[in-house]
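*Asks:* Need coordinates for the below:
(3 chains)
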Amino acid sequence: MDIVTAHDRPSTPQEAIGIQETLRDLVELEDRCPQEIVTVTGLDVAYDEDSGLIAAAAVTLEIDGFRVVEKRTVVSRISFPYEPGLFAFRELPPLLDALRALDHVPDLLICDGHGLAHPRRFGLACHVGVVTGLPSVGVGKTRFVGEHDEPGSERGSRTPLLDDGDVVGAVLRTQDGVKPLYVSVGHKISLDNACRQVLRLCPAFRQPETTRQADRLARDALKEAL
DNA sequence: GCGACAG
DNA sequence: ATCTTGTCGC
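*Replies:* I've put the predicted structure just below:
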């Protein structure tokens, strides 16, 4: 897969913020993904702070049946400190390497982190979407920005995530009585469609099947590299 | 000044 | 993210 990038390795936080403020104007919030989504790629990373290693994984599944189409892992060095709001610059380099290694271009990317639900409306999911040009969705496990009511306890219930008067995402219950997920638009997809696809990916567990598999792959790759 | 703060 | 005992609920 071809990826044009030159804006993923800033040397200072100030520079990183500048990159986000420049790229955020390229985010497309309309549905520009295929009408029928067939393949979905899950992205995740695992860290080992002691060795300074980071492992990234990209797993492409057929959304209907979850058959594995292909999977790639990359292990490299951590190149940016963790900082809320800038954490994409930590995960982006290895994630893009993993995506570049894919042979098949997926219909949608599922990121482990927020998209628009970010202080500058440009979280990891937006960044990955913009630099790849692919539709992307951000799925967070905890709140980063915004306020919301508690969604109903049944799977599929959702409430809007509001920040500064903007609907920046949705708090979506993916399993009955289980802690909800924070879904936000990354790129080229509407919030409604994003929630619909995430629900399809969560038939039995809280987290999307794509994220679960990517998480496991990244951990295994990291363990293997130690 | 005092919290809050994706992974 | 990762570490990591005990503990609550079904």
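
*Asks:* How about the residues of chain A by DNA strand C?
*Replies:* For chain A, the residues in contact with DNA strand C (Cβ under 7 Å from any atom of the strand) are A:45-48, A:112, A:141, A:215, A:219, A:222. (Each C-beta comes from the backbone N, C-alpha and C, glycine too.)

*Asks:* mind redoing it with 10 Å?
*Replies:* Neighbours of DNA strand C within chain A, by Cβ under 10 Å from any atom of the strand: A:44-50, A:54-55, A:82, A:87, A:90-91, A:112-113, A:140-142, A:177, A:207, A:211, A:215, A:218-219, A:222-223, A:226.

*Asks:* So among these, which ones count as buried?
*Replies:* Using 16 or more other Cβ atoms under 10 Å as the burial test, the residues of chain A next to DNA strand C include A:44-47, A:54-55, A:87, A:90-91, A:112-113, A:140, A:207, A:211, A:215, A:218-219, A:222 as buried.

*Asks:* Tell me who's in contact with A:Leu86.
*Replies:* Counting by Cβ atoms under 8 Å, 6 or more residues apart in numbering, A:Leu86 touches A:13, A:16-17, A:20, A:80.

*Asks:* what's the answer for A:Pro34, then?
*Replies:* A:Pro34 makes contact with A:Asp107, according to Cβ under 8 Å, 6+ apart.

*Asks:* if we can go back for a sec, in helices only, show me the buried ones among the residues of chain A next to DNA strand C.
*Replies:* Among those, the members falling in helices (DSSP state H) are A:90-91, A:211, A:215, A:218-219, A:222.

*Asks:* Pick out whichever of these sits closest to A:Glu30.
*Replies:* A:Glu30 lies nearest to A:Thr211 out of those, by Cβ to Cβ, at 24.5 Å.

*Asks:* Could you find the closest non-adjacent residue to that closest one?
*Replies:* Nearest residue to A:Thr211, sequence neighbours excluded (Cβ to Cβ, 6 or more residues apart in numbering): A:Gly42, at 5.0 Å.

*Asks:* Do the helix or strand harbouring that neighbour and DNA strand B come into contact?
*Replies:* Using DSSP states H and E, A:Gly42 maps to strand A:39-48. Yes - among the residues of strand A:39-48, A:43-47 lie within reach of DNA strand B under Cβ under 10 Å from any atom of the strand.

*Asks:* Could you dump the residues you listed into JSON lines with pLDDT and distance to A:Pro160 added?
*Replies:* Below are these laid out as JSON lines (pLDDT from 0 to 100; distance: Cβ to Cβ, whole Å):
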{"residue": "A:Leu43", "pLDDT": "97", "distance to A:Pro160": "25"}
{"residue": "A:Asp44", "pLDDT": "96", "distance to A:Pro160": "26"}
{"residue": "A:Val45", "pLDDT": "96", "distance to A:Pro160": "29"}
{"residue": "A:Ala46", "pLDDT": "95", "distance to A:Pro160": "32"}
{"residue": "A:Tyr47", "pLDDT": "93", "distance to A:Pro160": "32"}
